[in-house]
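Student: What follows is a predicted structure for the sequence shown.
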Amino acid sequence: MTGVRLYTPAEAARFLQVRESWLRKKASARAIPCTFLGKHLRFSDEDIDAIVTAGAKRPRTAHRRDRC
């Protein structure tokens, strides 16, 4: 596997605009995709994309009730 870019937690946190501590906590709990190289935590482009996708919320649509 060549050409894979791995980001440190600090780099990924800056990119995602979240706290590094939040990112590390979620990764340690295996709540978000990540890569551990030994004890070193890293994030690939695919991991970051998956984190963003998982956090996306669909807009709420108003349900009209028909009145009789």
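Tutor: That came through fine.

Student: helix, strand or coil for the residue positioned nearest the centre of the chain?
Tutor: In the chain, the centroid-proximal residue (CA atoms, centre = their mean) is Ile51; its distance is 2.1 Å. Secondary structure assignment for Ile51 (DSSP: H, G, I helix; E, B strand; the rest coil): helix.

Student: contacting residues for it?
Tutor: By CB atoms under 8 Å, 6 or more residues apart in numbering, Ile51 lies in contact with 16, 32-33, 43. C-beta here means a position set from N, CA and C on the backbone, and glycine is covered the same way.

Student: ok, 7 Å please
Tutor: If you count contacts by CB atoms under 7 Å, 6 or more residues apart in numbering, Ile51 has them with 16, 32-33.

Student: got it, and Ser44?
Tutor: If you count contacts by CB under 7 Å, 6+ apart, then Ser44 has 4-6, 35 around it.

Student: how does it look with 8 Å?
Tutor: Neighbours of Ser44 in contact, by CB under 8 Å, 6+ apart: 4-7, 35.
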